[in-house]
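In: kindly return the folded structure for what I paste below:
(2 chains, ligands or ions: 2)
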Amino acid sequence: MDELLPRIPFAEWIDIAVNWLVTTFGTVFDGIADLLEGIVEGSVDILDMFPSILLAVLFSLLAWFISTRKIALFSLFGLLFIDYLGYWYSMLQMLALVLTSVFFAISIGIPIGIWGSQKENVRKSVVPVLDLMQTMPAFVYLLPAIFFFNIGVVPGVVASVIFAMPPTIRLTMLGIQQVPEELIEATQAFGSTTWQRLSKVQIPLAKPTIMAGVNQSIMLSLSMVVIASMVGAPGLGADVYRAVTQLKTGEGFEAGLSVVIIAIMLDRITQHAGKNKKGGTTL
Amino acid sequence: MSEQTIKKKIEVRGATKIFGKNSKRAAQQLKEGKSKNEILKETGATVGVNNATFDVYEGEIFVIMGLSGSGKSTLVRLLNRLIDPTLGHILLDGDDIVQMNKEQLREVRRKKISMVFQNFALLPHKTIAENAEYGLEIQGVAKIERQSKAKESLKLVGLAGYEDQYPHQLSGGMKQRVGLARALANDPDILLMDEAFSALDPLIRKDMQNELLQLHHDMGKTIIFITHDLDEALRIGDRIALMKDGEIVQIGTPEEILMSPSNDYVERFVEDVDLSKVLTAGHVMVKADTVKVDRGPRVALRLMKQLGISSIYVLDNSNRLLGAVTAVDALAASNSEKSLEEIIITDLPMVSTDTVLTELFDVVSTASIPVAVISEDRKLQGILIRGPLIGALSGDNKFINSDGTVNLVEQTDTEVNKNG
Ligand SMILES: Nc1ncnc2c1ncn2[C@@H]1O[C@H](COP(=O)(O)OP(=O)(O)OP(=O)(O)O)[C@@H](O)[C@H]1O
Ligand SMILES: [Mg+2]
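Out: Residues are numbered from 1 along each chain as shown, chains lettered A, B, ... in the order given. Ligands and ions are numbered 1, 2, ... in the order given. Model (predicted):
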């Protein structure tokens, strides 16, 4: 068999391509790496300047402002509990990694989603790529990320961005396309430009759906933290990973519980951000 | 509308819209005279509008009527190019919008032509005021100015005080008022209304029709109104275009459509119409027997005797109605040498020529003397008698005056002369 059908050297080709990219765009990747590292570490440093109790209170107030009092209380006690367990600094590192990844996933994903919603051929080429991105095991993203960005927090962020982006793109496209035809017609009839139609009607009406996408992106990015720690990203994920490799069940449980608390917090807060408090968005 | 002031606001020339992939081939087949169904079968393309040619005059309410699927919505969307015509030209104030680029078209939609939609199409995330402002907002009108204009047009449609509500808090009728206010806020020349009242229940609908007529009267806009309801068309249309399978089969005043349907389709369309809402006193009145006031009671009495009637109408020298006299009074007066003036009954039931039948029944059934039909300057046009009225109501053309008037003045004069 092997003799009759020569193996197509996919793996070799990809290696060659990656090597070529690394040598040709090395400086570009270095620049991106420096930027991402700066953002993540800078935000950790800033957050760490606050006393943990004060920061916990500030986070809860923010949660209250965006969502409900119940969620705010949960955040307050959850954060204080993490501090009590001694994972405060790890938690900050993880939060910085997740929020940075999500920030980039949204900043790239929403525009692509809007573009795709307007152009059928864009949509047709984007959707299969999204399918691929979501079904590919998350580990796979780590390898090229290491090649391009070395080890540390940056390949973790890059892998998370890629892994977390699809739901935002998908749901942005969906939300915008779901706006009823007659509303589009009305905005056209009054002489709107394409951008006015998007910015004044379609995007505001798609907001709940887009936010559901953002929420999913956050969850996916959180699910990446343990994986990212394998390439050297610090944070709660690294604590979990270390505990697992050293078979420290108790520690692993504590760190894992801390991840869950943050996950619930972010999930509930972003779910509420999608709901319009004025209740004007029901179609 | 007098002849000199008529200006063509919209001219539609051979506008055709074919939906679907094979529109070229379908257009060719249309030229060959194939029917909508044949073309659909052979090419898979749907003929939305077929070769529509008509004019809409400035300031009129032009109604487009037809059954579901006849192409009304498509036709009205050709007028602001929400749908691009496959063939033909559409001129607004002489400019062909089919030739316009995006920029010019946007300008026309912003300034000249607004639309009201069947299902309101209000923006659910904006307040009533913001909805009404939308047209101005996208033109970049300053916030304060557009707020005051929106407020004004909301007031015009009777929604003052609702500015801060959201569409879902309003009833259907109120929502459509917002739709109307939004269209009016731009102060367009032309208003397109696609089944604007069809989603409303009958009473609200009637209110809205009245308000629209009032607004039209006050503001004098050109209105293209789509409906599949003949009663509505007849009520508000200055002229009506009837569509079938994408073609316009007849254009005319409500009366022309009703009285002389151009083919079977129109006839079927109008046969179920509630005549009592359409026919007016002018349509069903009959010739009145009259006498000039200076002829005296004897002449009046003699006339009544000859005609076999018990009362007669009295006119002054310029044919204005003064009242009526009964035979009994006339006899008494001629014995006591009184003049006609002294015995005239002035308290007569009177209606104007354009009163519709539904509003006549009460008056007619309680009157002891036949009801007089008068013009605005109080000239007697005719009288209402129960027999012909019921005959007209049953659709018998014999009892319907096709032009809405009865020429009677000369007849009475000759009669009086003959008898005098
Ligand atoms: N976007 C479209 N694509 C294909 N065919 C269409 C499209 N819009 C309308 N048509 C077809 O064009 C014809 C006219 O439709 P149109 O909506 O103008 O009718 P209408 O008179 O407004 O009917 P209704 O009273 O139901 O609103 C119909 O046969 C319809 O199927
Ligand atoms: Mg329609």
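
In: longest single helix anywhere in chain A?
Out: helix A:88-118 (DSSP state H).

In: can the helix or strand following it be found next to chain B?
Out: Using DSSP states H and E, the helix or strand that follows helix A:88-118 in sequence is helix A:120-135. No - Helix A:120-135 does not reach chain B (C-beta under 8 Å from any C-beta of the partner chain); its nearest approach is 15.5 Å. Backbone N, C-alpha and C define where each C-beta goes, glycine included.

In: what's near enough to touch B:Phe120?
Out: Going by C-beta atoms under 8 Å, 6 or more residues apart in numbering or on different chains, B:Phe120 touches B:Pro167, B:Gly172, B:Lys175, B:Gln176, B:Val178, B:Gly179, B:Ala199.

In: for it, what are phi and psi?
Out: With angles defined as degrees, to the nearest 10, B:Phe120 sits at phi 70, psi -50.

In: which residue is the nearest non-sequential neighbour of it?
Out: B:Lys175 (4.4 Å; C-beta to C-beta, 6 or more residues apart in numbering or on different chains).

In: what about that neighbour, which helix or strand?
Out: Per DSSP H and E, B:Lys175 falls inside helix B:172-185.

In: which helices and strands does that helix pack with?
Out: When contacts are defined as 3 or more C-beta pairs under 8 Å, 6 or more residues apart in numbering or on different chains; DSSP states H and E, helix B:172-185 sits against strand B:113-116, helix B:128-137, helix B:143-156, helix B:202-219.

In: so A:Ile106 touches A:Thr168, yeah?
Out: Yes - counting by C-beta atoms under 8 Å, A:Ile106 does reach A:Thr168; the two are 5.7 Å apart.

In: how far off centre is the longest helix of chain A?
Out: Put simply, helix A:88-118 sits 4 Å off its chain's centre (C-alpha atoms, centre = their mean, to the nearest Å).

In: angle of it against helix A:120-135?
Out: If you take axes from the mean of the first three to the mean of the last three C-alpha atoms, to 10 degrees, helix A:88-118 sits at 150 degrees to helix A:120-135.

In: contacts for the helix holding B:Lys175, please.
Out: So helix B:172-185 is contacted by A:190, B:114-117, B:120-122, B:128, B:131-136, B:146, B:149-150, B:152-154, B:156-159, B:162, B:167, B:170, B:191, B:196-197, B:199-201, B:204, B:207-208, B:212, B:215, B:219 (C-beta under 8 Å, 6+ apart).

In: buried subset of the contacts of B:Phe120?
Out: Among these, the ones that count as buried by 16 or more other C-beta atoms under 10 Å in any protein chain shown are B:Pro167, B:Lys175, B:Gln176, B:Val178, B:Gly179, B:Ala199.

In: am I right that the last one is in a helix?
Out: No - secondary structure of B:Ala199, determined by DSSP: H, G, I helix; E, B strand; the rest coil: coil, with no helix assignment.

In: I figured it hits B:Phe117, correct?
Out: No - using C-beta under 8 Å, B:Ala199 is not in contact with B:Phe117; the gap is 9.5 Å.

In: now for A:Ile106 and A:Thr168: what residues contact both?
Out: Common contacts of A:Ile106 and A:Thr168 (C-beta under 8 Å, 6+ apart): A:Val214, A:Ser217.

In: so for those two, which residue has more residues nearby?
Out: A:Thr168 (28 against 22; other C-beta atoms under 10 Å in any protein chain shown).

In: now the more buried one: which helix or strand?
Out: helix A:153-177.

In: dihedrals phi and psi, B:Glu337?
Out: With angles defined as degrees, to the nearest 10, B:Glu337 sits at phi 60, psi 30.

In: quick one: it from chain A, how far?
Out: 76 Å (C-beta to the nearest C-beta, to the nearest Å).

In: per-residue pLDDT, the closest residue to ligand 1 within the stretch 251-400 of chain B?
Out: Here the stretch 251-400 of chain B gets closest to ligand 1 at one residue, B:Phe269, 13.2 Å apart by C-beta to the nearest ligand atom. pLDDT recorded at B:Phe269 is 73.

In: okay, and it sits in which element?
Out: Assessed by DSSP H and E, B:Phe269 sits inside helix B:264-271.

In: what's the offset of the helix or strand following that helix from the middle of its chain?
Out: With elements assigned by DSSP H and E, the helix or strand that comes after helix B:264-271 is helix B:275-278. Distance, stretch centre to chain centre, for helix B:275-278: 13 Å (C-alpha atoms, centre = their mean).

In: which is the next helix or strand following helix B:275-278?
Out: Proceeding N to C from helix B:275-278, the next assigned helix or strand is helix B:281-284, under DSSP H and E.

In: other residues contacting that following helix?
Out: Helix B:281-284 has contacts (C-beta under 8 Å, 6+ apart) with B:351-355, B:357, B:360, B:373, B:381-382, B:384, B:388-389, B:392, B:399-401, B:404-405.
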